[in-house]
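# Fold the following for me, if possible:
(one chain, ligands or ions: 2)
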Amino acid sequence: MALGLAGNAVDLQDVSFSYDGKNYALKSVSLSIKRGSSTVIVGTNGSGKSTLLKIINGLIKPQSGSVKVFGIDINSHQGMDARRKIGYIPQQLGLLRNSTVLQNVLVGGLSRMGSTSALFGVYPRQEIDYALKCIQQVRIDHKLHEKVYRLSGGERQRVAIARALMQKPSLILADEFTSDLDYKSANEMMGFMSEFRRDGVTLVMVTHNLDLAFEHGQTVIFLKDGAKVSEIPAESLDKKGLKTLA
Ligand SMILES: Nc1ncnc2c1ncn2[C@@H]1O[C@H](COP(=O)(O)OP(=O)(O)O)[C@@H](O)[C@H]1O
Ligand SMILES: [Mg+2]
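Ligands and ions are numbered 1, 2, ... in the order given. Sure thing, here's the model as predicted:
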């Protein structure tokens, strides 16, 4: 693996991004995220949280500033190596509705399986075994052959997590993936994610729920109108004082 061993999981320097060339969705954002850490990004609707995750993932390219993941410029040619190590759970989950749980999770491994698997849906035995392991980890194995459109919101979110795990990621970017859940289930789901840190995985999760952010982030980053307004170690947060921010 060409990824550098030293340095942070994510380094953003002065990143600005505009969808339309007029309004800035991100304004001069700088941040560093340590390997193996858990960071939660909070902010109101439209504050730039989803845009920030897409920038880290290389899905969109900033007009100015630099984005490094594991020390590699995500928008450079070698950025592909870094992208393969990112498990991205988009806000809308991006699952194949008419495919089964197992088929959806297998998609997460396609980048290492090659085009035969992608075109014909023929998967190596060890990849199927690994998919089953990921599915068991998020406890959705009882719905293995169920089509996604038949699942509840919470079950779909488990499938999206399993698909991300299938990528064998070093960094997971999860965008409001618990928004369909009640507090207790969302808390459980974010707890799941935190368990993956035992394997050295770096977690970046977006939520608009401050209580969840306090519970699961080591660092909480606040966005407002596309700008980073503060970055606070979770244990030092004054919950009462900050509730008004989100
Ligand atoms: N595809 C898009 N095209 C144009 N504007 C967008 C697009 N996606 C987001 N925006 C705008 O960028 C800003 C930040 O959006 P977003 O990152 O989705 O915020 P959040 O995830 O915090 O709700 C908002 O003003 C939003 O309207
Ligand atoms: Mg969003």
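# Output the contacting helices and strands for the host helix or strand of Leu12.
In the assignment (DSSP states H and E), Leu12 maps to strand 10-17. Where contact means 3 or more CB pairs under 8 Å, 6 or more residues apart in numbering; DSSP states H and E, strand 10-17 is packed against strand 26-33, helix 49-57, strand 64-69. The C-beta positions use only the backbone N, C-alpha and C, and glycine is treated the same way.
# which residues touch the residue lying closest to Ala186 once chain neighbours are set aside?
In space, and not counting its chain neighbours, Ala186 is closest to Thr178: 3.6 Å by CB to CB, 6 or more residues apart in numbering. Counting by CB atoms under 8 Å, 6 or more residues apart in numbering, Thr178 touches Gln157, Ser185, Ala186, Met189, Met190, Thr207, Asn209, Leu212.
# so who does the last one touch?
Each residue near Leu212 by CB under 8 Å, 6+ apart is listed here: Val40, Thr178, Tyr183, Ala186, Asn187, Met190.
# Only the buried residues of the strand holding Leu12, if you could.
Val10, Asp11, Leu12, Val15, Ser16, Phe17 (16 or more other CB atoms under 10 Å).
# How about the first one: what's its closest non-neighbour residue?
The shortest distance from Val10 to any residue other than its chain neighbours is 4.0 Å, reached at Ile33 (CB to CB, 6+ apart).
# Run a quick neighbour tally on the one you found.
By other CB atoms under 10 Å, 22 other residues sit near Ile33.
# next one: phi and psi at the residue most central in space within the chain?
The centre of the chain sits closest to Leu173, judged by CA atoms, centre = their mean, with a distance of 1.4 Å. Note on Leu173: its backbone torsions stand at phi -110, psi 110 [degrees, to the nearest 10].
# where does it land on pLDDT?
As predicted, Leu173 sits at a pLDDT of 96.
# Not counting sequence-adjacent ones, nearest residue to Asn57?
Once flanking residues are discounted, Asn57 sits nearest to Tyr88: 5.1 Å by CB to CB, 6+ apart.
# Give the helix, strand or coil label for the one you found.
Secondary structure assignment for Tyr88 (DSSP: H, G, I helix; E, B strand; the rest coil): strand.
# Is it correct that it is in contact with Ile55?
No. With contact defined as CB atoms under 8 Å, Tyr88 does not reach Ile55; the gap is 11.8 Å.
# Could I get the contacting residues of the residue in the chain positioned nearest to ligand 2?
For the chain and ligand 2, the shortest gap (CB to the ion) falls at Ser50, measuring 3.2 Å. Applying CB under 8 Å, 6+ apart, we find Ser50 in contact with Pro90, Gln91, Asp175, Glu176, Val206.
# Out of the contacts of Thr178, which are close to ligand 2?
Within the set of these, contact with ligand 2 (CB under 5 Å from the ion) is found for no member.
# Could you dump these into CSV with pLDDT, distance to Arg198 and secondary structure added?
As requested, the contacts of Thr178 are arranged in CSV below (pLDDT from 0 to 100; distance: CB to CB, whole Å; DSSP: H, G, I helix; E, B strand; the rest coil):
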residue, pLDDT, distance to Arg198, secondary structure
Gln157, 90, 21, helix
Ser185, 84, 22, helix
Ala186, 86, 21, helix
Met189, 83, 17, helix
Met190, 85, 15, helix
Thr207, 88, 21, coil
Asn209, 84, 24, coil
Leu212, 85, 20, helix
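# Now list the buried members of those.
The neighbour count (16+ other CB under 10 Å) marks Gln157, Ala186, Met189, Met190, Thr207, Asn209, Leu212 as buried among the contacts of Thr178.
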